[in-house]
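[1] predicted model follows, preceded by the sequence.
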Amino acid sequence: MAINWRAAIVKVMLLAFFQFAQFCGVFSFTYRKTPKPETNQQTFDLLTRTNDVKYTVKQCVLCKWFFGIVRMMGAIIYIYGTLMMWYTNDPFYNLITFLQTNLMATGSVVMSICLLRSGKKFVCIINSFFGLFRRVQCLTPHRQVMGVHQLIFLLIIVICVGNSAFGFLLILKYTDWRELAVVTSKLYLETGLVVSLHIASIGYMCIGALYNCVNRYMREDLLPRARCLDHVLRRKKTYRLPRYTRKLIRLTRELNNCARIYNDIYNLATTFHQSIRYQILFALLFQFSLLTTVIYSILYMYTVITAIQWDAVFFCLLIIIEVLIMILSAYSAVQDGIAANKLSLDTVYMGGDTEWNRSVEIFINRMNLYEFKPNVLGFFDISSDILVMFLSASVTYLTYILQNTKLSQKL
């Protein structure tokens, strides 16, 4: 089977992101390819859609401890360097810098603890993603699970990651070894938090793609066949041919299989969200503190040289885009999960067949009971309200700067 161009692009981008996340110490596992077995059992590769290999991941204990210790040491170095080397005469700037430093250091320590404690659990989650993609692809072997908007989101994430990677070139400008150590620690910790936010985006993106693929199979394949058979059974109430009975049994089994897949997607989505919710919280707080610091720097430089730093403005837009991608990915996962309730299976009567009606009832009850709604430790839901909160807080912060700081006397 020829490799589709979209699947090839997704494969390259995901592997590039994986290598960069390994470099940043966020991933402590390695991936491997399992060759096709000798039997005629059909296998499916998540990324290339071929029957040659399939991917699995395996935890690396040495990498887990190494990156966890390095991240904790980097947090200590960055706190020391910020307090001792970059103290200014502006108390307001010192305050927001101290807040940003504490958020980055705390988030990095929490990430290290989660990496050390939940590394094996996260490996199981990734392997479960691979298994679910293979099961869903078996439903629609001639269609791709990942859609066009997932491809666009991945492209934007890779561009943001590339910009973060080029940020490491800043260390070449420093000659003093103390400043070099502090700047390297800052970039390493900051990139790790941003990559954690991108991991959440990709995870929600995959959950939405799984939901959407199963919904499309139910809507375009299973439901039309069920309605056609229901129309035939309504016309022949007194006599049912054996071939119609076999079709009904087959459709019932397919419906039960889809219900199990929906249930597994929900369980995987819940487990994934619970394993990364602390990283999401600190990443969002750090992004907001970084945004406020950059805005203050833009205004300060404007008062000094009367010119706008467009690279800093671009950086602010990049922060907003990263948060927006995460919100849209979570929103698509939630909406695609809710869309399963709109399939109208209860209108298919199937001549009053007991097994079919029982399967439909179980399916509807599961869809109504298990709805994926990502919530960050009870503080807020991951929705468009986060972006509104970011923008409103930024406007309030900007107003405070213009009224109550030294910049108000210079502007």
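    That came through, no problem. Since the model is a prediction, treat every value here as computed from it, not as a measurement. Numbers count the residues shown, from 1 in each chain.
[2] contacts, neighbours, all on C-alpha from now
    Fine.
[3] run through who's touching stretch 371-390.
    By C-alpha atoms under 8 Å, 6 or more residues apart in numbering, the surrounding residues in contact with stretch 371-390 are 266, 269-270, 273, 277-278, 280-281, 288, 320, 323-324, 327-328, 330-331, 333-334, 337-338.
[4] what's the span of it from first residue to last?
    26 Å (C-alpha to C-alpha, to the nearest Å).
[5] that one: which residues count as buried?
    Within stretch 371-390, the residues that count as buried by 16 or more other C-alpha atoms under 10 Å are 371, 372, 373, 374, 376, 382, 383, 386, 387, 390.
[6] whichever helix or strand residue 206 is part of - contacts with which helices or strands?
    Here residue 206 is covered by helix 177-217, with elements defined by DSSP states H and E. When contacts are defined as 3 or more C-alpha pairs under 8 Å, 6 or more residues apart in numbering; DSSP states H and E, helix 177-217 packs onto helix 61-85, helix 91-139, helix 148-166, helix 242-305, helix 310-338.
[7] please work out the average pLDDT along that helix.
    The average pLDDT for helix 177-217 rounds to 86.
[8] report the angle between that helix and helix 310-338.
    30 degrees (axes from the mean of the first three to the mean of the last three C-alpha atoms, to 10 degrees).
[9] which is the succeeding secondary structure element to helix 177-217?
    Remark: after helix 177-217, the chain's next helix or strand is helix 223-235, criterion DSSP H and E.
[10] can you list contacts of that next one?
    240, 244, 247, 248, 251, 343, 345, 348, 349, 350, 351.
[11] could you list the buried residues of that helix?
    223, 225, 226, 227, 229, 230, 233.
[12] same thing with stretch 315-322?
    315, 316, 318, 319, 320, 321, 322.
[13] now swap in stretch 179-198 and tell me
    For stretch 179-198, burial by neighbour count (16+ other C-alpha under 10 Å) applies to 179-198.
[14] cool, and stretch 270-278?
    272, 273, 275, 276, 277, 278.
[15] leaving out chain neighbours, which residue sits closest to residue 31?
    residue 57 (4.2 Å; C-alpha to C-alpha, 6 or more residues apart in numbering).
[16] residue 334 too?
    In this structure, residue 334 finds its nearest non-sequential neighbour in residue 372, 5.8 Å apart by C-alpha to C-alpha, 6+ apart.
[17] where in the stretch 301-411 of the chain is pLDDT low?
    Counting by pLDDT under 70, the stretch 301-411 of the chain shows low-confidence ranges at 304-305, 351-352, 401-411.
[18] counting neighbours, what do you get for residue 6?
    15 (other C-alpha atoms under 10 Å).
[19] now the host helix or strand of it: mean pLDDT?
    Element membership for residue 6 (DSSP H and E) is helix 5-23. Averaged over helix 5-23, pLDDT sits at 81.
[20] restricted to helices, list the buried residues of stretch 371-390.
    Here DSSP state H is the test, and the buried residues of stretch 371-390 give 386, 387, 390 as lying in helices.
[21] dump these to JSON lines, plus distance to residue 209.
    Formatted as JSON lines, those follow (distance: C-alpha to C-alpha, whole Å):
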{"residue": "386", "distance to residue 209": "23"}
{"residue": "387", "distance to residue 209": "23"}
{"residue": "390", "distance to residue 209": "27"}
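[22] can you report phi and psi for the residue nearest to residue 334?
    When read as degrees, to the nearest 10, the backbone of residue 372 gives phi -80, psi 120.
[23] and it, how far is that from residue 270?
    Using C-alpha to C-alpha, we find residue 372 at a distance of 7 Å from residue 270.
[24] low-confidence stretches in the stretch 51-200 of the chain?
    In the stretch 51-200 of the chain, residues with pLDDT under 70: 51-55, 85-94.
[25] rerun at 50
    Low-confidence segments of the stretch 51-200 of the chain (pLDDT under 50): 51-52.
[26] ok, back up a step: what remains of the contacts of helix 223-235 if I keep only buried residues?
    248, 251, 345, 348, 349, 350, 351.
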